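>>> Quick check, what structure comes out for this input:
(one chain, ligands or ions: 1)
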Amino acid sequence: MATVTPWEVSGSVDYDKLIEEFGTKKISPALREKLVSLAGEDNVMLRREFFFSHRDLDLVLKDYEAGKGFFLYTGRGPSGNMHIGHLIPLVFTKWLQDKFKVNLYIEITDDEKFLHKKNLKWEGVQEHSANNIADIAAVGFDPDRTFIFKDSEYAANVYPLLMQTARKVTFSTAKAVFGFTNETNIGMVQYPAYQMVPTFFEKKRCLIPAAIDQDPYWRIQRDIAESLGFYKTAAIHSKFFPPLQGVEGKMSASMGGSAIWLTDEEKTVRKKVMKYAFSGGQESVEEHRKKGGNVEVDVSFQWLKMLFEPNDKELKRIESEYTSGQLLTGELKQILVDRLNAFLAKHREMRERVDVDKLMYDGKLAKKMWEATYKA
Ligand code: TYM
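Numbering: from 1, shown residues only. All right, here's what the predicted structure looks like:
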């Protein structure tokens, strides 16, 4: 049995079942083609169905075509350092922003993580926030169309809207959707309202790229949005980047030593992939040469497929050579190690030179947001 909530993902996730359970829609080939054709470029995460589900993406594209436009919104809970799984939705978000030239809001939920993680101190969460913001900024968003804000810092600007949102959601709904109990602290009970608020930042349709674990918030937002005079939010959902140990569950911060952190050095990445990456290969080289490997369960292959080998022909070659036993597990792992290290080197370099203040305070959109007080 799999568990998928905003705070926990475990077990073997059946994504088709999740679509049914959450009441979302699968991205059909026709819708994918439409998105790609309006974007003017194909995208590996769409093509390989890493982004697989949506709400109202069709309406977002209609609005775009009709000249009404839309905006993007995503976020991060600063509970610690960021691993490679956290960056994936952001890389896709950047692609959308680049192609559609739209505004993007990124919420840093220091409040949520402080309330949820009893082992974290307020100051610690602030340190993680600053750290995470630098990593997020390194993705390279458009400085005049992006606003990164930290909940505690931006609260005064949204307080009227936050209260108007909170008043619409009963405890009974929050309990049913998030599983709150009598032991849940009252800060957590109000928190979901803040995660909904950014969907109301513009009187346009909002599109949220995130993994599907965040969808419960959007479900409530869609129940109340129109009564506040806004659009129901749209969303585009990704699967979970699996942990190195196996294709089940999601890579998560609690995996500590085995997750690939954005700060990992080249030799650390190599060590982790070689040691932990679950292999679909056989026990011995002789057996592997004879029987070949299984790419479906091989984590290195799955990571290459999801993002790190965008060239279809090259991926096919790796697949057939691994399946036939020509390519050994160590060799397959080495391909992934090289890709990961190239990705991380570029990330580190961007992190050094990106102007964080522009995204938070000085860019065109950021300035406008700091001047505004938001209400329904
Ligand atoms: P957080 O910090 O848990 O996760 C940040 C983003 O990363 C996604 N994610 C993953 N995606 C793929 N593979 C994984 N292994 C993986 N682990 C996490 C999450 O879906 C999310 O998109 N409450 C939120 C912060 C938030 C937010 C939002 C997220 C506020 N507003 C709007 C998305 C959209 C949180 O704690 O995310």
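>>> Other residues contacting the longest helix belonging to the chain?
Looking across the chain with DSSP state H, the single longest helix is helix 329-353. Under the contact criterion Cβ atoms under 8 Å, 6 or more residues apart in numbering, helix 329-353 has outside partners 84, 87, 134-135, 137-140, 260, 262, 264, 266, 269-270, 273-274, 277, 279-281, 288, 293, 298, 300-301, 303-304, 308-309, 318, 322. For glycine as for every other residue, the C-beta is placed from the backbone atoms N, C-alpha and C.
>>> what's the offset of that helix from the middle of its chain?
19 Å (Cα atoms, centre = their mean, to the nearest Å).
>>> Select only the buried ones of the contacts of helix 329-353 in PyMOL?
Only the buried entries of those go into this PyMOL selection, using 16 or more other Cβ atoms under 10 Å:
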select buried, resi 84+87+134+135+137+138+139+140+260+262+264+269+270+273+277+279+280+281+288+293+298+300+301+303+304+308+309+318+322
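>>> Inside helices: which ones of the contacts of helix 329-353?
Short answer: the contacts of helix 329-353 in helices (DSSP H) are 84, 87, 134-135, 137, 266, 269-270, 273-274, 288, 300-301, 303, 318, 322.
>>> State the pair within the residues you listed that is farthest apart.
Ala137 and His288 (43.2 Å; Cβ to Cβ).
>>> separation between the residue nearest the centre of the chain and the ligand?
Nearest residue to the geometric centre of the chain (Cα atoms, centre = their mean): Pro89, 3.3 Å. Distance, Pro89 to the ligand, by Cβ to the nearest ligand atom, to the nearest Å: 4 Å.
>>> cool, and Asn43?
On the measure of Cβ to the nearest ligand atom, Asn43 and the ligand end up 16 Å apart.
>>> Now that residue: closest residue in space, sequence neighbours ignored.
Using Cβ to Cβ, 6 or more residues apart in numbering and skipping the chain neighbours, the partner closest in space to Asn43 is Trp95 (5.7 Å).
>>> is it true that His54 touches Thr233?
No: if you go by Cβ atoms under 8 Å, His54 and Thr233 don't touch, sitting 11.3 Å apart.
>>> Which positions within the host helix or strand of the residue nearest to Asn43 qualify as buried?
Trp95 is part of helix 84-100 when elements are defined by DSSP states H and E. Neighbour counts over helix 84-100 (16+ other Cβ under 10 Å) mark 84-97, 100 as buried.
>>> how about the residues of the stretch 51-200 of the chain that lie near the ligand?
73-77, 85-86, 88-89, 107, 109, 112, 195 (Cβ under 6 Å from any ligand atom).
>>> low-confidence ranges in the protein?
1, 247, 253-257 (pLDDT under 70).
>>> Can you give me the domain assignment for it?
3-244, 256-351 (automatic domain parsing).
>>> Need the contact partners of stretch 268-287.
244-247, 257-258, 260, 264, 288, 290-301, 322, 325, 328-330, 332-333, 336-337, 340-341, 344.
>>> Filtering these by proximity to the ligand, which remain?
Counting by Cβ under 6 Å from any ligand atom, no member of the contacts of stretch 268-287 reaches the ligand.
>>> Filter those residues down to the buried ones and hand me the ChimeraX line.
To isolate in ChimeraX the members of the contacts of stretch 268-287 that are buried, counting by 16+ other Cβ under 10 Å, one can use:
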select :244,247,260,264,288,292,293,295,298,299,300,301,322,325,328,329,332,333,336,337,340,341,344
